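# pasting the structure only:
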């Protein structure tokens, strides 16, 4: 497939810097399939040659100079004299950023991600079978050098398909992920939707202890066998809303060696859990949290209480804690789906990741 850039003609320039800025960009693609070249908005017809190639031929380093703070670009795969443009929107190179984020292009297939069939994994701990649906980012099957952060989301039946979701309203996780990807606002991630069983028992105390163990001891090992994910806990998070937010917070707090962060939306803290007391009295964990709620109702007060408890124990707002309030937001899948882009940016956004590269949150 040959995919040209989003625009072959550059619009009038509105931004420029007084002096040229120069930075490098690394592009990784499996060796032996062709030659990688870079093209930019300054001249979509001119190749930029790599200034360095790794010994195994998989990583090309390009140098780009510009008198503006950003440059749109696209890798090209040259094979048998034909140019194949990378699929998807143009890449966005931020000239003030360090070269910490590698570009993993792909040149075939669709711009959108894909879903696995429903996966069933028996749980000896829970005495039932887990059902999972996994969202894979575009290019997953072609560029096999890429590994991804993985997000475990509770109530997986409500995430992707209206025909499966409660009252026919899903979170539209894949649409939000695709939009943020087109913006180049976040890095790609794998989403594991974990379908719920007995929510009232498994998402609250004491049942969430066994459920958390099942995620850690049964699902994470399966993830590491079948998915290309970053093995470190900093690349693994657990997300949920309402009672799903409670069990996500518990799992991250109880198993910080496995999960580095949790997203807890509209969570029912203190309804059938002791998590606020544990935060105030136990040794702080080196983990990050995103908390939010609507108002009025929607567990607004207890979410505020949890956020301030974390602040009291040393969490830093905007660094390893984000808390947001949403006036008049309802307690339903539609409301959570609308604001899903915020935790995605907090945990995996381009600017957030650049910040944490210089000031790491998870110290190990």
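Ah, there it is. In this text the structure is predicted, and so the values were computed from the model without any measurement.
# how close does residue 122 sit to residue 128?
Using C-beta to C-beta, to the nearest Å, residue 122 is found at 8 Å from residue 128. Yep, even glycine has a C-beta here, placed from its N, CA and C like the rest.
# tell me the phi and psi of residue 23?
phi -150, psi 170 (degrees, to the nearest 10).
# Next one: it from residue 181, what distance?
22 Å.
# Please say which of those two ends up with more neighbours.
Legend: neighbour count by other C-beta atoms under 10 Å for residue 23 and residue 181, higher for residue 181 (20 against 17).
# Grab the nearest non-local neighbour of that one.
Distances taken as C-beta to C-beta, 6 or more residues apart in numbering put residue 188 closest to residue 181, at 6.5 Å, once the chain neighbours are dropped.
# got it, and residue 122?
Among residues not flanking residue 122 along the chain, residue 129 sits closest, at 5.3 Å (C-beta to C-beta, 6+ apart).
# Spit out the contact partners of the one you found.
120, 121, 122, 123 (C-beta atoms under 8 Å, 6 or more residues apart in numbering).
# Could you verify that it is part of a strand?
Yes. With DSSP: H, G, I helix; E, B strand; the rest coil as the criterion, residue 129 is located in a strand.
# Per-residue pLDDT of it, please?
Per-residue pLDDT puts residue 129 at 98.
# Which parts of the stretch 151-300 of the chain are helices?
173-183, 199-202, 207-214, 220-226, 243-254, 275-281, 300-312 (DSSP state H, counting those that start in this stretch).
# Let me know the distance separating residue 20 from residue 44.
Taken as C-beta to C-beta, the span from residue 20 to residue 44 is 20 Å.
# Contact partners for the spatially most central residue of the chain?
What sits nearest the mean C-alpha location of the chain, by C-alpha atoms, centre = their mean, is residue 189, with 4.1 Å. Contact analysis of residue 189 by C-beta under 8 Å, 6+ apart lists 137, 148, 149, 150, 151, 177, 344, 348.
# can you rerun that using 6 Å?
148, 149, 151, 348 (C-beta atoms under 6 Å, 6 or more residues apart in numbering).
# Which residue, neighbours along the chain excluded, lies closest to it?
In space, residue 189 is closest to residue 149, 4.6 Å off (C-beta to C-beta, 6+ apart).
# Look up the residues forming beta bridges with residue 289.
Beta-bridge partners for residue 289, by DSSP bridges, are residue 262, residue 321.
# I should have written residue 83 there, sorry.
Beta-bridge partners, per DSSP bridges, of residue 83: residue 78.
# Help me confirm that the residue nearest to residue 189 comes into contact with residue 235.
Yes. Assessed by C-beta atoms under 6 Å, residue 149 is found in contact with residue 235 at 4.3 Å.
# which one of residue 20 and residue 44 has more residues nearby?
residue 44 (20 against 11).
# For this protein, give me the ranges with low pLDDT.
Where the chain drops to pLDDT under 70, the residues are 1-3, 7-11, 364.
# Okay, domains of it per the record?
1-108, 114-358 (automatic domain parsing).
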